[in-house]
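Visitor: Below is the structure, and that's it, no one-letter string:
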């Protein structure tokens, strides 16, 4: 039956729609052109760094000067070219099929801290934006990541209590001010994070302002340890 379906509906590349060997993947050409993050990275935010890893934790310039309330951070892609196309497909294009593939990339990127027992929590949307968009892309990513790793997902542990304007074009200081205290623990379900290791999942990290606000909310809920995992990381000059 599966073979018959594959003949009628052959597997297609997520980006160019050319035929591939497996569903929910990239063709060889698109894979080679997609900026996956490998090698030496910043232990705080996952941005790629020059050089080779010697096993020691490295820190980028931003993480040296901006306080990060989380313990570790990683990202799967650089937010440019095909990486940007994939993120925007999940975020605005109703492409939840991309999230299914992205779960494998997130699991690989988050390997340093995606331990059994860690709870996966998506960064929340304000209800007005959720109503307009129909779904929270971070929650979709978190759900598929949970299926991939077997970790428990708590989709409503955090809530965005204040609607914030788009952060595009703002300076880092303006971004942090805009999201300050905008995310809080859910009045009831937030207690599920008490004493737990929490993995916050979101689509893109730029300044880290949203991740910081969500981390502070998770700590307020009683989380013992918080790490952040993004599908893509914006890189200066990329």
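Guide: Happy to help now that I have it. Since the structure is predicted, the reported quantities are computational estimates derived from the model, not experimental observations.
Visitor: ok, how many other residues are close to residue 53?
Guide: Neighbours of residue 53 under the rule other C-beta atoms under 10 Å: 11. From N, CA and C alone the C-beta is placed, and that goes for glycine too.
Visitor: Hmm, it is touching residue 40, no?
Guide: Yes: Residue 53 is within contact range of residue 40, at 4.6 Å (criterion: C-beta atoms under 8 Å).
Visitor: so residue 19 bridges to which residues?
Guide: Assessed by DSSP bridges, residue 19 has beta-bridge partners residue 12.
Visitor: Contacts only, for it.
Guide: The contact partners of residue 19, by C-beta atoms under 8 Å, 6 or more residues apart in numbering, come to 10, 11, 12, 13, 27.
Visitor: what's near enough to touch the fourth one?
Guide: In other words, residue 13. Per C-beta under 8 Å, 6+ apart, neighbours of residue 13: 19, 20, 25, 26, 27, 30.
Visitor: distance of it from residue 141?
Guide: With the distance defined as C-beta to C-beta, to the nearest Å, residue 13 ends up 20 Å from residue 141.
Visitor: got it, and the first one?
Guide: If you measure residue 10 against residue 141 using C-beta to C-beta, the figure is 26 Å.
Visitor: more crowded one of those two?
Guide: Set residue 10 next to residue 141 and count neighbours by other C-beta under 10 Å: residue 141 wins out with 29 against 12.
Visitor: Quick check: which element contains that one?
Guide: Residue 141 belongs to helix 137-149 when assigned by DSSP states H and E.
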